[in-house]
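Trainee: structure here, sequence nowhere to be found:
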């Protein structure tokens with residue numbers, strides 16, 4: 001889609017056409033496009049159908065109310081921050097007293113929208129003309145244009161001295177997919193860190209796989225998960241230098257420390273197995289969870305915690321373990337058949353076999369359900385079988 005194609009979507013004809021496609025079925029798109037081209041220009045029909053598909057996909061990230069009013073680029077919706085995460089980050093900045101933010105590499109404006117909804121004034125900057133047009137249209141569509149100035153520019157040319165905080169979201173995708181080296185971000189992490197140092201507060205959005213050694217000593221590193229999925233990491237400046245934090249959404253449950261505990265010892269598998277949230281694992285806070293649970297690791301290299309008593313924690317999912325077996329597909333298949341297990345959840349950590357491969361080979365059948373963990377126990381490939389359980393105080 002060109003900027004000219006996008007501009008056509010913002011005309012009265014384009015808006016009406018796009019609104020009419022809200023509930024269209026992509027599987028029937030060819031016939032629909034043929035009919036619509038009898039009444040509208042072909043380029044406008046193509047742009048509207050493409051935008052309608054992007055809006056439908058964006059519902060999971062932005063919610064239906066916003067997604068069907070917003071505009072997206074092909075990659076912009078995928079790279080944009082999930083609305084729940086953007087709202088949480090905006091709330092943290094607001095709690096710090098921030099009233100103005102320079103949002104560098106703003107993309108389609110997801111973070112700028114969350115900030116503006118809290119009354120924070122935002123300068124949103126991106127160098128791509130189409131992306132800038134989309135971000136500006138989103139600010140207008142959600143009634144936030146008075147608080148969001150969208151500017152087409154290279155972020156390295158922006159003077160951020162007049163803003164309370166800087167937010168940076170460097171591009172982490174290239175022509176070959178995701179970029180894992182922080183110095184290959186665009187702009188590089190080193191430039192982003194220098195830009196962060198120009199403001200009282202700053203936040204840099206980075207990939208959750210960032211090595212801990214790449215975190216500057218004056219930064220706080222936070223890993224954020226939403227509904228159990230790790231979404232991103234954020235480097236905070238001006239908050240709590242040296243602190244590592246795992247935040248779980250929804251609910252804003254946070255585990256943090258500036259003095260991480262040493263790795264817990266490993267021991268035999270107890271009655272309960274705890275699977276720490278991914279943000280906890282990325283933040284290297286498994287030891288803190290193990291201490292809360294009076295637990296131990298099942299293996300020095302595996303982030304599963306085991307304990308003999310059931311305790312409540314928001315930072316891990318508990319399972320009651322019924323069997324601990326050496327790895328073997330024949331043995332597992334026989335056991336599942338004996339217990340009538342047809343609904344099999346497969347989790348793996350430290351195992352080469354893929355869940356779908358295992359399901360295909362054991363062919364679970366029956367009315368019952370179970371969870372199997374493919375992992376290592378004291379260095380040996382093992383299978384742990386159990387089911388989710390909730391601590392009494394959480395029921």
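Mentor: Received, thanks. Every value quoted in this text rests on a predicted model; they were computed, and no experiment measured them.

Trainee: what residues does stretch 21-33 touch?
Mentor: For stretch 21-33, the surrounding residues in contact (CB atoms under 8 Å, 6 or more residues apart in numbering) are 45, 46, 48, 49, 52, 53, 55, 56, 68. Every C-beta, even on glycine, is put in place using the N, C-alpha and C of the backbone.

Trainee: below-threshold pLDDT in this structure: ranges please.
Mentor: Filtered on pLDDT under 70, the chain yields the residue ranges 174-176, 393-395.

Trainee: helices of the stretch 251-395 of the chain, start to end?
Mentor: Counting by DSSP state H, counting those that start in this stretch, the stretch 251-395 of the chain has helices at residues 278-282, 286-293, 329-339, 355-362.

Trainee: the longest one vs helix 355-362, what angle?
Mentor: Angular relation of helix 329-339 and helix 355-362 on a 0 to 180 degree scale: 70 degrees, by axes from the mean of the first three to the mean of the last three CA atoms, to 10 degrees.

Trainee: which residues sit against helix 329-339?
Mentor: With contact meaning CB under 8 Å, 6+ apart, helix 329-339 is reached by 323, 325, 344, 358, 361-366, 368, 370, 372, 383, 385.

Trainee: mind doing that once more with 10 Å?
Mentor: For helix 329-339, contacts defined as CB atoms under 10 Å, 6 or more residues apart in numbering pick out 322-323, 325, 328, 341-342, 344, 353, 357-358, 361-366, 368-370, 372, 374, 383, 385.

Trainee: and stretch 156-165, by the same measure?
Mentor: Contacts for stretch 156-165 (CB under 10 Å, 6+ apart): 93, 96-104, 115, 120-123, 125, 127, 151, 166-168, 187, 191, 195-196, 198-203, 237-238.

Trainee: which among those residues end up buried?
Mentor: 93, 98, 100-104, 115, 120-123, 125, 151, 166-168, 187, 191, 195-196, 199, 201-203, 237-238 (16 or more other CB atoms under 10 Å).

Trainee: put the buried members of the contacts of helix 329-339 into a PyMOL selection.
Mentor: Typed into PyMOL, the line below selects the buried ones among the contacts of helix 329-339, using 16+ other CB under 10 Å:
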select buried, resi 341+344+358+362+364+370+372+374+383+385
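
Trainee: now do the contacts for the closest residue to residue 207 other than its chain neighbours.
Mentor: Of all residues not flanking residue 207 in the chain, residue 172 sits nearest, at 5.4 Å (CB to CB, 6 or more residues apart in numbering). Residue 172 sits next to 79, 178-182, 184-186, 189, 205-207, 210, 232 when contact means CB under 10 Å, 6+ apart.

Trainee: buried subset of the residues you listed?
Mentor: Neighbour-count burial (16+ other CB under 10 Å) applied to those gives 79, 179, 182, 185, 189, 205, 206, 207, 210, 232.

Trainee: can you tell me the closest non-neighbouring residue to residue 309?
Mentor: residue 294 (6.8 Å).

Trainee: just to revisit the earlier point, what's the closest of the helices of the stretch 251-395 of the chain to residue 243?
Mentor: Residue 243 lies closest to helix 286-293 among those, at 12.4 Å (CB to CB).

Trainee: in that closest one, which residues are buried?
Mentor: Within helix 286-293, the residues scored as buried using 16+ other CB under 10 Å are 286, 287, 288, 289, 290, 292, 293.

Trainee: next SSE downstream of the helix or strand hosting residue 78?
Mentor: In the assignment (DSSP states H and E), residue 78 maps to helix 76-79. Downstream of helix 76-79, the first helix or strand assigned by DSSP H and E is helix 83-95.

Trainee: in that following helix, which residues are buried?
Mentor: 83, 84, 85, 86, 87, 88, 89, 90, 92, 93, 94.

Trainee: again, but for stretch 211-223
Mentor: For stretch 211-223, by 16+ other CB under 10 Å, it's 214, 215, 216, 219, 220, 221, 222, 223.

Trainee: gap between residue 382 and residue 273?
Mentor: 11 Å (CB to CB, to the nearest Å).

Trainee: please identify the helix or strand for the nearest residue to residue 145 once chain neighbours are set aside.
Mentor: For residue 145, ignoring the flanking residues on the chain, the nearest one in space by CB to CB, 6+ apart is residue 139 at 4.6 Å. Taking DSSP H and E as the criterion, residue 139 maps to helix 129-141.

Trainee: can you report how many residues neighbour residue 32?
Mentor: 17 (other CB atoms under 10 Å).

Trainee: kindly report the same for residue 258.
Mentor: Neighbour tally, residue 258, other CB under 10 Å: 11.

Trainee: what are the phi and psi values for it?
Mentor: phi -100, psi 0 (degrees, to the nearest 10).

Trainee: one more: residue 40?
Mentor: Phi and psi for residue 40, reported as degrees, to the nearest 10, are phi -140, psi 160.

Trainee: that one against residue 14, yeah?
Mentor: Yes: taking CB atoms under 10 Å as the definition, residue 40 is a contact partner of residue 14 at 8.7 Å.

Trainee: how close does the residue nearest to residue 145 get to residue 363?
Mentor: 53 Å.

Trainee: then residue 145?
Mentor: Taking CB to CB, one finds residue 145 at 57 Å from residue 363.

Trainee: returning to what we had before: would CSV of the helices of the stretch 251-395 of the chain with distance to residue 244 be doable?
Mentor: Compiled in CSV, those are given as follows (distance: least, CB to CB, whole Å):
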stretch, distance to residue 244
helix 278-282, 9
helix 286-293, 10
helix 329-339, 37
helix 355-362, 30
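
Trainee: hmm, back to that, now, which of the buried residues of helix 286-293 sits nearest residue 266?
Mentor: Comparing those against residue 266 with CB to CB places residue 290 closest, at 10.4 Å.

Trainee: quick revisit: run through the residues that contact the residue nearest to residue 309.
Mentor: Going by CB under 10 Å, 6+ apart, residue 294 touches 270, 305, 307, 308, 309, 311.
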